[in-house]
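# below: sequence and its predicted model.
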Amino acid sequence: MRYLSTRGGDADRSFQDVLLAGLAADGGLYVPARWPALSAADWRALRNQPWAEVAVAVMHPFIGDFLTEAELLAVVEAAAGAFDHAATTPLSQLDDNLWLLELFHGPTLAFKDVAMQVLARLMDIALHRRDARVTIIGATSGDTGSAAIEAFRHSKRADIFILHPHERVSAVQRKQMTTVDAPNVRNIAIEGDFDACQALVKRMFNDRPFRERMNLAGVNSINWARILAQVVYYATSALALGAPDRAIAYTVPTGNFGDIFAGYVARQMGLPIARLVIATNVNDILHRALETGRYETGEVIATTSPSMDIQVSSNFERLLFDALDRDAAALKGLMDNLAQSGGFTLPEAAVDWMRRLFASGRTDESAVLAEIRRTWEETGRLIDPHTAVATAVARAQAGAEAAMVALSTAHPAKFPDAVARATGHHPELPDKVQHIMEAEERFTVLPDDLAAVEAFISANAAIA
Ligand SMILES: *Cc1c(COP(=O)(O)O)cnc(C)c1O
């Protein structure tokens, strides 16, 4: 499989190139040159197969000769082994026609573990072949940083530096990062807010001598390999509910559009996905775009579902590319408008095309708490606020033409305050993460200063 950039300035890349680069050289996102599909008979043959076997069938067509099927199987089996549920990403039933796809059984209790566990192993293989090392840098307000640290702590080829805003992340989220004791992991607490952390990371990538000397790499959600790994649980859940002989709909709590885009990929591969519902909190740029055809950024509002508090939804660019019939010049025009004026208007044909598959819904804070409470009262289950955004929107989607699956992206114990406020019950941390509450923390506090952060990274990375 070859890859091209959505903006037309970079093409004919291999999977390995795309895996290591993240962002395309022209600032666009990599997409595969075509969508490979499995036949209905192929899908039927995967029913009742283990998670890792389904993962190989889904991922291998995109990987080309980077790995044999047997090599890929070893990677995804090891990744699945980091999850403490035999089914890796199990389904459970919440209501007559509403299922939860539980994506929180990984080491850091959120769905980002699925893709990170796969990504870290693929990157190690690619770096070993090139006899290269990378320095991974990232900024986090919570879930991404801990998932990346857990995934890369065993890497032989990567040092990882994660910046978080000092005293501005929850204790559980901080401890999930800072209690990891590995020589290639460093936590930096920046005296500033999340935006300051993100700005520092951006400036380090823009500092070309530093970037090249350290061989900087990013692992954020625009990396194609992360999206590819997320296609797997759409396939396992669809098959479990009767695909390819029964239509399935998904409601996805959405921020950067990576998770729901993986659902689109699953459909392109031939799964009968009838509808993909974008569920947003009050940061509703995607919901507005689908309703009005106008994609317009606004202020970010802090909510109880912080992993969806975004202003721009990066991976939406990938869907837009297909919605514009893969016209890279037209796509680039819209992205230039976004950069210059903070928004763009979608061509009518593109909005119509999206509405044939996608729907959307928005949930405000009181509805999120009401949904957590309702689920607790009706089923005795505690759900986290991100999951509640999805189930609230899923319930409002009329029609039972397809089985409805809501993606449950985090364990309730990761967001205990909101859950306790809604239900009066404090969700317990699973045993496997209890130890972090007592374990020794390791992090370095640095000022919001580029030179200081670069000096710290140079002094502590094996590559320097
Ligand atoms: C990252 C995240 C999301 C949003 O996923 P996107 O791929 O950015 O749309 C939803 N829920 C949780 C818990 C997350 O960590």
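Happy to help now that I have it.
# low-confidence stretches in the stretch 351-464 of the chain?
398, 400, 464 (pLDDT under 70).
# now residue 46: phi and psi?
phi -90, psi -10 (degrees, to the nearest 10).
# need the contact list for it.
When contacts are counted by C-beta atoms under 8 Å, 6 or more residues apart in numbering, residue 46 is found next to 53, 54, 57, 235, 239. For every residue, glycine as well, the C-beta is placed using N, CA and C.
# is the ligand within reach of stretch 193-201?
No - applying C-beta under 6 Å from any ligand atom, one finds stretch 193-201 separated from the ligand by no less than 13.8 Å.
# and for that stretch, what's in contact with it?
Stretch 193-201 is contacted from outside by 137-141, 163-165, 168, 190, 218, 448, 450, 453, using C-beta under 8 Å, 6+ apart.
# how far off centre is it?
Centre-to-centre, stretch 193-201 and its host chain are 19 Å apart (C-alpha atoms, centre = their mean, to the nearest Å).
# and that stretch, what's buried?
194, 196, 197, 198, 199, 200, 201 (16 or more other C-beta atoms under 10 Å).
# run through the bridge partners of residue 93.
Beta-bridge partners of residue 93, counted by DSSP bridges, are residue 99.
# point out where the chain drops to low pLDDT.
398, 400, 464.
# which parts of it sit against the ligand?
So the chain meets the ligand at 110-112, 143, 221, 253-259, 307-308, 386, 409-410 (C-beta under 6 Å from any ligand atom).
# circling back to that earlier point, restricted to helices, list the contacts of residue 46.
53, 54, 57, 235, 239 (DSSP state H).
# the first one: neighbour count?
Other residues near residue 53 come to 17 when the count uses other C-beta atoms under 10 Å.
# so what's it up against?
46, 73.
# re earlier: just give me the closest of the ones in helices among the contacts of residue 46 to residue 417.
residue 235 (34.7 Å; C-beta to C-beta).
# list the contacts of the closest one.
43, 46, 54, 57, 58, 266, 269, 271.
# quick one: those residues as TSV, columns for distance to residue 372 too.
Below are those laid out as TSV (distance: C-beta to C-beta, whole Å):
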residue	distance to residue 372
43	35
46	34
54	31
57	36
58	32
266	28
269	34
271	30
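# which of those residues lies closest to residue 419?
residue 266 (29.8 Å).
# how about the closest one, nearest residue that isn't a chain neighbour?
With C-beta to C-beta, 6 or more residues apart in numbering as the measure, residue 234 is the residue that lies nearest to residue 266, at 3.7 Å, once sequence neighbours are left out.
# from residue 165, how far off is the one you found?
33 Å (C-beta to C-beta, to the nearest Å).
# check residue 158 too.
23 Å.
# give the contact list for the residue in the stretch 51-200 of the chain that the ligand sits nearest to.
Among the residues of the stretch 51-200 of the chain, residue 143 lies closest to the ligand, at 3.6 Å counting by C-beta to the nearest ligand atom. Counting by C-beta under 8 Å, 6+ apart, residue 143 touches 108, 110, 112, 173, 307, 410, 414.
# residues touching the fourth one, list them.
Looking back up the chat, that one is residue 173. Residue 173 touches 142, 143, 146, 414, counting by C-beta under 8 Å, 6+ apart.
# isn't the last one up against residue 109?
Read that as residue 414. Yes - under the criterion of C-beta atoms under 8 Å, residue 414 makes contact with residue 109 at 5.0 Å.
# returning to that earlier point: nearest to residue 376 among the contacts of stretch 193-201?
residue 141 (26.5 Å).
# re earlier: more neighbours: which of residue 234 and residue 165?
More neighbours surround residue 234 than the other of residue 234 and residue 165, with 30 against 20 (other C-beta under 10 Å).
# if I look at that one, how far off is the ligand?
Counting by C-beta to the nearest ligand atom, to the nearest Å, the separation of residue 234 from the ligand is 13 Å.
# what segments of the stretch 1-150 of the chain are strands?
3-5, 30-32, 91-95, 98-102, 134-139 (DSSP state E, counting those that start in this stretch).
# and what of the stretch 301-450 of the chain?
Going by DSSP E, counting those that start in this stretch, the stretch 301-450 of the chain shows strands at 343-345, 358-362, 403-408, 444-447.
# pick the most buried one from the strands of the stretch 1-150 of the chain.
strand 134-139 (a mean of 24; mean count of other C-beta atoms under 10 Å).
# quick one: that strand to chain centroid distance?
The answer for strand 134-139 is 17 Å, by C-alpha atoms, centre = their mean.
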